[in-house]
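Chemist: Got a sequence here, can you build the structure:
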Amino acid sequence: MQILAELPLVTEAQQAAILAAPRTAAAHRQLLASLPALNAVQTGGAASTTTLPASLSITAWNAERCLFPEDSARLLAQQAPDILLISEVDHGMARTAQGHPTAEMAEALGMTYAYGVEFLELDIGGPTERPFCTDSFNARGWHGNAILSRAPFLRVTMLRLCNHGHWFSSDEMPADPDQPRVGGRMALLAVVPSENGPLCVVSTHLESNATAPHRAHQFDMLMDEVDRFAPGLPVVIGGDLNTGNHLPPDFDHRRETLFARATLRGYDWSASPEGTTTRPSLITPHPTRRMKLDWFATRGLTCSDSLLIPALDPKGKPLSDHEAIWARLAFR
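Modeler: Modelled structure (predicted):
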């Protein structure tokens, strides 16, 4: 896995190849392998300390594009985070003013960052996103996950959780024609130094447009990668696991099998705060459906406190369709 200061832009020739490709899983796998930006991790920002404390403040949040990076940084700063695990954050998208919200938040919070591309977006956004677009094109078109840390990373990697083109092809699994994309769900993994030794931190985003067995398989893959990447280290996995999606009629997260499978491998879910984690937002105005999608899974750590953080600015403007989740963790 390459670690880069800048991710290579998608060339005009690559864009043409994407548009000309058949909408099949085989074609998608070839496209995914051919795009360097989707097979690398970008790092940047500046750490504000050399070592994280023994008592760790950790927040996970699906930022829903991160339309408002300054407001988002102010919201997240309230818990003085040592680690932020962010999903659904843009880079070079018209709907977020072609900016790099991860880098903007890292600068505001005095943190270093790692950013990985989940999807290359082939359009500027859906109907509720277009009013926020500042251009008719995407400068980069990237949408992904990030880890922000007050201390420098000891090592970083990315794990692609699927490559068949869930949002591109239709021959292996149904695709979403309203959100054409190249890429797939993924996880970023990093090892960071703390006063009690190194710690593995993971930002992930599991598939929404899938069943519980599919998400359980993705989480199995992630746990396997943690064991390879950071054997024996304490670990916190945080993110939007999309639990309950495509589980009609009640979308009950308790019917997901990934929880029990992770528990059998030594993971603990108790750092996840109580309550549903979704809300109506400017992009996702669903007025009634409230779900519990966002979780911490820990191993080798204890939790002394946790909190659900409403994703609102001081005037009540929603910053995302997900609340942030926070926990105070320490080595067991």
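Chemist: was I right about Glu172 contacting Cys162?
Modeler: No. Assessed by C-beta atoms under 8 Å, Glu172 is found out of contact with Cys162, at 9.9 Å. C-beta coordinates here come from the backbone N, C-alpha and C atoms, glycine included.
Chemist: Looking at the two, which is more packed in?
Modeler: Cys162 (22 against 14; other C-beta atoms under 10 Å).
Chemist: which residues touch the residue nearest to the more buried one when sequence neighbours are not counted?
Modeler: Nearest residue to Cys162, sequence neighbours excluded (C-beta to C-beta, 6 or more residues apart in numbering): Gly184, at 4.1 Å. If you count contacts by C-beta atoms under 8 Å, 6 or more residues apart in numbering, Gly184 has them with Leu32, Glu118, Phe119, Arg160, Leu161, Cys162, Asn163, His164, Gly165, His166, Trp167.
Chemist: Report the buried members of those residues.
Modeler: Among the contacts of Gly184, those classed as buried by 16 or more other C-beta atoms under 10 Å are Leu32, Glu118, Phe119, Arg160, Leu161, Cys162, Asn163, His164, Gly165, His166, Trp167.
Chemist: And the fourth one, how close does it get to Met221?
Modeler: Meaning Arg160. According to C-beta to C-beta, to the nearest Å, Arg160 and Met221 sit 9 Å apart.
Chemist: can you check Ala262 too?
Modeler: Taking C-beta to C-beta, one finds Ala262 at 12 Å from Met221.
Chemist: Between those two, point out the one with more neighbours.
Modeler: Set Ala262 next to Met221 and count neighbours by other C-beta under 10 Å: Ala262 wins out with 21 against 15.
Chemist: what's downstream of the host helix or strand of the more buried one, the next helix or strand?
Modeler: If you go by DSSP states H and E, Ala262 is part of helix 258-264. Counting by DSSP H and E, the next helix or strand C-terminal to helix 258-264 is strand 294-299.
Chemist: so what does that following strand touch, helix or strand wise?
Modeler: strand 56-65, strand 235-240, strand 324-331 (3 or more C-beta pairs under 8 Å, 6 or more residues apart in numbering; DSSP states H and E).
Chemist: and the spatially most central residue of the chain, how far is that from Pro314?
Modeler: Most central in the chain under C-alpha atoms, centre = their mean is Ser87, positioned 2.3 Å from the mean C-alpha point. From Ser87 across to Pro314, the span is 24 Å (C-beta to C-beta).
Chemist: Ok, Thr128 next?
Modeler: Following C-beta to C-beta, the distance that separates Thr128 from Pro314 is 23 Å.
Chemist: Likewise for Leu85?
Modeler: Distance from Leu85 to Pro314, by C-beta to C-beta: 24 Å.
Chemist: now Phe132
Modeler: Taken as C-beta to C-beta, the span from Phe132 to Pro314 is 20 Å.
Chemist: ditto for Arg290
Modeler: Counting by C-beta to C-beta - Arg290 and Pro314 are separated by 23 Å.
Chemist: who has more neighbours, those two?
Modeler: Legend: neighbour count by other C-beta under 10 Å for Arg290 and Pro314, higher for Arg290 (14 against 8).
Chemist: residues in contact with that one?
Modeler: Thr276, Thr278, Arg279.
Chemist: Phe219 touches Ala260, doesn't it?
Modeler: No. In this structure, Phe219 is not within contact of Ala260 by C-beta under 8 Å, at 10.9 Å.
Chemist: More neighbours: the two, which one.
Modeler: The neighbour comparison of Phe219 against Ala260 (other C-beta under 10 Å) goes to Phe219, with 25 against 9.
Chemist: From Phe119, how far out is that one?
Modeler: 20 Å.
Chemist: try Pro213
Modeler: Distance from Pro213 to Phe119, by C-beta to C-beta: 23 Å.
Chemist: and stretch 267-274, which residues are buried?
Modeler: In stretch 267-274, counting by 16+ other C-beta under 10 Å, buried: Tyr267, Asp268, Ala271, Ser272, Pro273.
Chemist: do you know how far the last one is from Asp294?
Modeler: Computed as C-beta to C-beta, the Pro273 to Asp294 distance reads 9 Å.
Chemist: Pull up the overlap in contacts between those two.
Modeler: Ile325.
Chemist: can you give me the strands in this protein?
Modeler: 2-4, 40-45, 56-65, 83-91, 112-121, 142-149, 155-160, 181-183, 186-192, 199-205, 235-240, 294-299, 301-309, 324-331 (DSSP state E).
Chemist: Output these in CSV; the columns should cover distance to Ala97 and mean pLDDT.
Modeler: As requested, the strands of the chain are exported to CSV (distance: least, C-beta to C-beta, whole Å; pLDDT from 0 to 100):
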stretch, distance to Ala97, mean pLDDT
strand 2-4, 23, 97
strand 40-45, 18, 98
strand 56-65, 11, 98
strand 83-91, 9, 98
strand 112-121, 15, 98
strand 142-149, 14, 98
strand 155-160, 26, 98
strand 181-183, 20, 94
strand 186-192, 24, 98
strand 199-205, 23, 98
strand 235-240, 23, 98
strand 294-299, 26, 98
strand 301-309, 24, 98
strand 324-331, 22, 98
